[in-house]
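Asker: my questions concern the predicted model and sequence given below.
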Amino acid sequence: MNAESEFERRVKRVLKGLEPGEVATYGEVAEEAGYPRGARAVGNLLKRSSDGLPWWRVVRADGSLAAPHSREQRELLESEGIRVGDARAFSTRPRGNGI
DNA sequence: CCCCTGACTAGAA
DNA sequence: TTTCTAGCCAGGG
């Protein structure tokens, strides 16, 4: 009855791999899940099944938080020691050049 | 099978 | 700098 697709399974695994204090963008999650163009699908998945998943550790590519839960998300991020300046939490993922 | 929606992204104005 | 548009993906009707 749990008709979860491979996409859903992969994305969930990536989300569960996120540790407290770590932040990633929808695109990064999708890419690590094996779907470099599935950022939108990732957001859709969290909307449907965010239970049991650290959805608050996922932010937009520009650092802005998710619209319908930005307030709650900000509280959770700051609770994990993440500085949310002007509602912007940048990904903690390593970049190509380091900055 | 076709059409629409959405917790997205990159590029143009 | 901000705002708008086109493109992409999966799910639901």
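Answerer: Nice, thanks for sending it over.

Asker: need the single longest helix in chain A, by residues.
Answerer: In chain A, assigned by DSSP state H, the helix with the most residues is helix A:6-17.

Asker: how about that one and DNA strand C, any contact?
Answerer: Yes. Counting by Cβ under 7 Å from any atom of the strand, DNA strand C is contacted by helix A:6-17 at A:F7, A:E8. C-betas here are computed from N, CA, C, even on glycine.

Asker: pLDDT on that helix, on average?
Answerer: Helix A:6-17 shows an average pLDDT of 96 in the prediction.

Asker: buried stuff in that helix?
Answerer: Neighbour-count burial for helix A:6-17 flags A:F7, A:E8, A:R10, A:V11, A:K12, A:V14, A:L15 (criterion: 16 or more other Cβ atoms under 10 Å).

Asker: list the helices and strands it packs on?
Answerer: helix A:26-33, helix A:39-48 (3 or more Cβ pairs under 8 Å, 6 or more residues apart in numbering; DSSP states H and E).
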